[in-house]
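# Provided below are the primary sequence and the corresponding predicted coordinates.
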Amino acid sequence: MTETGPVSGAIPEQASETEGEPRGGSRPRDSSRYWVAAAVLVVGLLVTGVLVWISASTYTNTENRLLRLRVSDAGALIAERLPVVQTPLASAAALADATDGDVGKFESFIAPSVGPPGRGQFVSVSLWRLGVGQPRLLAVVGVTPALAASPARAASFFASAAHSRQLSVTGLMPSKPPRLGYAFTSPGLTGRYVAYAESALPANRQSRFQSTSSFTDLDYALYLGPTQNGANLLVTNVKKLPITGRHASVSIAFGDRTFTFVVTPRRPLAGSFAERLPWIVAVVGLLLSLGAAAFTARLIARRNEAQELAGSLEQIADENRRLYAEQRSIAQTLQQALLPEALPKIRGVETGARYETGVKGVEIGGDWYDLIALDDHRLLLVVGDVSGRGLRAASTMASLRFAIHAYAAQDDPPEAILSKLSNLVNVNTSGQLATVLCAVVDVEAHRLTVTSAGHLPPLLVSDGSGTFVRSAVGVPIGVRAGARYTSTSVEMPKAATLIAFTDGLVERRGESIDAGLERLQRAASSNHVTLDELLGRLIEDLRSEGGDDDTAIAALRWLD
Amino acid sequence: MTFDVVESADRMLTVAVSGELDITNVDTLGSAVAPAIEREPSRLIIDAHELRFADSSAIALWVQWATEVPEIELRDAAPLLRRVVESMGLTEILNVTP
């Protein structure tokens, strides 16, 4: 007999070492992949920063440009006031010159331009005559000019105004409220006349733009002179000076003086959206960056999970493969242990046997074979098959096999052996049936006696042709206790080969059992080889690919 | 493998099995039919006309049923199956009918 498949005692060898190692090695590498999420966050923040900077500087540039446009517009408006101030004074001076200082004509000419603060253009207009010594006040329309209270100042102002071909502007007059004075000197045909006007600055020098003005979005301050000198403040709408922050200024020539006009925006000139845009970009960019980083982290986490899962699935698969191999190995070891250790030797015949586990053979099967020497010239050849698989089938098989040994030792004939076996198995309690074939071979008499408990007939091959030894088939063991069996005897030709087998050798799903028997008949007949080789070939050739049933064969051949 | 279990009024139990019945699913059939057999039918018919394959554990189950009911019949079994039953010497036990 031969063994098939590896039989090994060293099975649980690597049970413990496969556990931690691959996981422990891969964990830190997995978590370090989160740097990708961090990189996404950093890149997102950088991009956000750049966009914020661009939108902020665009906003600043736009605001500055708009502010410059506005301040020059406002400056132009102020410059347009020059003729409004200068024309009546120039005309009055010319009139005085032409009428040689006619006070009446002067007064009636200039009266429409004079009124209390807020009503008329000027609070006071006066006519002065220049000559040797102090300038002389000829006429006054409106209130007394503040300049009149300071003859020395009047003298020096008119002296310089006399040489000017344009409007001369005084410094601030210290009155309540302060005033600003303008003078225009006639060309001097009949004498040197000066038309001098004063206008009052608003109380506290505070004045708002009219609500209909196009400059309501600006704060402003207007100074006399080229600098933001608080002492020379003419008018403003803000409480706190000087104006700081984003501001623009323009210098405006006004007569012989210069005004400085400073503006600052009350609100973003390009609209509040432009002002908020950098913040919006920052917030949206930050959120997007965080979202992208979180999303990336989640993707990585998923991927890690999937890898871990794949890893553990692989481990489980490895474990399953190992367990499968282990179980198969155990099954085969056990099966071999339940089969005869050695075959008996009887003079004149050669014996052989095979046991083949089905490919799905992780479980021990219920097939067996046996060869028992009854005496020096008779041999009992047994093959059997317990239905089902696993330990239950195997233990029933073992008990039947050993019972046959015991009954054979008592010299029971095969039909009695089977009848006694039928007391050992009950399909009602165990759900098992066993088919058993007993063949008693008298080597010297060339006589074969076959007894079958539901088993397939043995094949007898001689002279290159095989025939099945048909006998009465009794019920399988387990159907009922005390079942009766009948033996059939045949003469054996010389140089014959007897092959008994279980159904795994011939049965295929979807095919008649007769087709399998014929296949065996052909395969066994066409071989002129040793018994061992013959059994090897039968196993190899006949077992269907992926045959899932166990197969047992016992054979005997007469030696020539 | 699928099956139908029908208990009729005259205490006749019919078990129709289709597909392939083998060691992997024979216990399912056995436990499904057991309660009906406990109600002691007078006759059990195994309707095998849609059964493509039955292995020895399936046949063992039927033989078990055969010992538990007064009368059994394996009806409409395919020739392949009838041949297996015959080779096991069970044609009479299972009362194989065409």
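Received it, and whenever you're ready, just let me know what you need.
# what residues does the stretch 401-550 of chain A put near chain B?
A:427-428, A:431-433, A:435, A:452-456, A:473-476, A:478-480, A:503, A:507, A:509-514 (C-beta under 8 Å from any C-beta of the partner chain). Glycine gets a C-beta too; all of them are placed from N, C-alpha and C.
# And the spatially most central residue of chain B, what's its pLDDT?
In chain B, the centroid-proximal residue (C-alpha atoms, centre = their mean) is residue B:46; its distance is 3.9 Å. Looking at residue B:46, its pLDDT reads 96.
# I'd assumed residue B:74 was in contact with it.
Yes - using C-beta atoms under 8 Å, residue B:46 is in contact with residue B:74, at 4.9 Å.
# So for these two, which residues contact both of them?
B:62, B:94 (C-beta atoms under 8 Å, 6 or more residues apart in numbering or on different chains).
# So, low pLDDT: which residues of chain A?
A:1-33, A:118, A:188-191, A:210-212, A:359-362, A:527, A:544-548 (pLDDT under 70).
# The helix ranked longest in it and chain B, any residue contact?
Longest helix in chain A by number of residues, with DSSP state H as the criterion: helix A:272-338. No - using C-beta under 8 Å from any C-beta, helix A:272-338 never reaches chain B; the gap is at least 14.7 Å.
# Remind me what the helix or strand that comes right after that helix packs against, helices and strands.
Helices and strands here follow DSSP states H and E; after helix A:272-338, the next one along the chain is strand A:349-356. Contacts defined by 3 or more C-beta pairs under 8 Å, 6 or more residues apart in numbering or on different chains; DSSP states H and E place strand A:349-356 against strand A:367-373, helix A:531-542, strand A:551-558.
# Helix, strand or coil: sort out residue B:3 for me.
strand (DSSP: H, G, I helix; E, B strand; the rest coil).
# cool, residue A:76 as well?
Assignment for residue A:76 (three-state DSSP): helix.
# Could you count how many residues lie near it?
Neighbour count for residue A:76, taken as other C-beta atoms under 10 Å in any protein chain shown: 11.
# How about the contacts made by residue A:147?
The contact partners of residue A:147, taken as C-beta under 8 Å, 6+ apart, are A:153-154, A:157, A:170, A:173, A:181, A:196, A:198.
# Could you confirm it falls within a strand?
No - the assignment for residue A:147, made by three-state DSSP, is helix rather than a strand.
# so how far is chain B from it?
Distance of residue A:147 to chain B, given as C-beta to the nearest C-beta, to the nearest Å: 124 Å.
# just residue A:63 next, same as before
For residue A:63, the distance to chain B - C-beta to the nearest C-beta - is 83 Å.
# repeat for residue A:356
With the distance defined as C-beta to the nearest C-beta, residue A:356 ends up 17 Å from chain B.
# Could you check what's spatially nearest to that residue, not counting adjacent residues?
residue A:551 (4.5 Å; C-beta to C-beta, 6 or more residues apart in numbering or on different chains).
# Mind giving me the packing neighbours of the longest helix of chain A?
helix A:21-31, helix A:35-98, helix A:390-409.
# Reformat those helices as CSV; add distance to residue A:518.
Formatted as CSV, those follow (distance: least, C-beta to C-beta, whole Å):
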stretch, distance to residue A:518
helix A:21-31, 54
helix A:35-98, 68
helix A:390-409, 28
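# Among those helices, show me which one is buried the most.
helix A:390-409 (a mean of 18; mean count of other C-beta atoms under 10 Å in any protein chain shown).
# what's next to it, contact-wise?
For helix A:390-409, contacts defined as C-beta under 8 Å, 6+ apart pick out A:334-335, A:338, A:363-368, A:370, A:372, A:374, A:380, A:382, A:384, A:386-387, A:416-417, A:420-421, A:424-425, A:430, A:432, A:434, A:436, A:438, A:477.
# now do 6 Å
For helix A:390-409, the external contacting residues (C-beta atoms under 6 Å, 6 or more residues apart in numbering or on different chains) are A:338, A:363-364, A:366, A:368, A:370, A:372, A:380, A:382, A:386, A:417, A:420-421, A:432, A:434.
# Test my guess that the residue nearest to the centre of chain B contacts residue B:76.
No - when contacts are counted by C-beta atoms under 6 Å, residue B:46 is not listed as touching residue B:76 (9.0 Å).
# Now do the shared contacts for these two.
Common neighbours of residue B:46 and residue B:76, using C-beta under 6 Å, 6+ apart, do not exist here.
# Longest strand in chain B, please.
Criterion DSSP state E: the longest strand present in chain B is strand B:43-54.
# Whether it contacts chain A - can you check?
Yes - contact between strand B:43-54 and chain A, assessed by C-beta under 6 Å from any C-beta of the partner chain, occurs at residue B:53.
# What strands line up against that strand, and which way round?
strand B:12-21 (parallel), strand B:72-75 (parallel) (DSSP bridges).
# Buried ones in it, by neighbour count?
Buried residues in strand B:43-54, counted by 16 or more other C-beta atoms under 10 Å in any protein chain shown: B:44-48, B:51-54.
# if we take those residues, which one ends up nearest to chain A?
Ranked by distance to chain A (C-beta to the nearest C-beta), those are led by residue B:53 at 5.2 Å.
# Tell me who's in contact with the closest one.
Neighbouring residues of residue B:53 by C-beta under 6 Å, 6+ apart: A:509, B:20.
# circling back to that earlier point, and the contacts of helix A:390-409, which is closest to chain B?
Using C-beta to the nearest C-beta, residue A:432 comes nearest to chain B of the contacts of helix A:390-409, at 6.0 Å.
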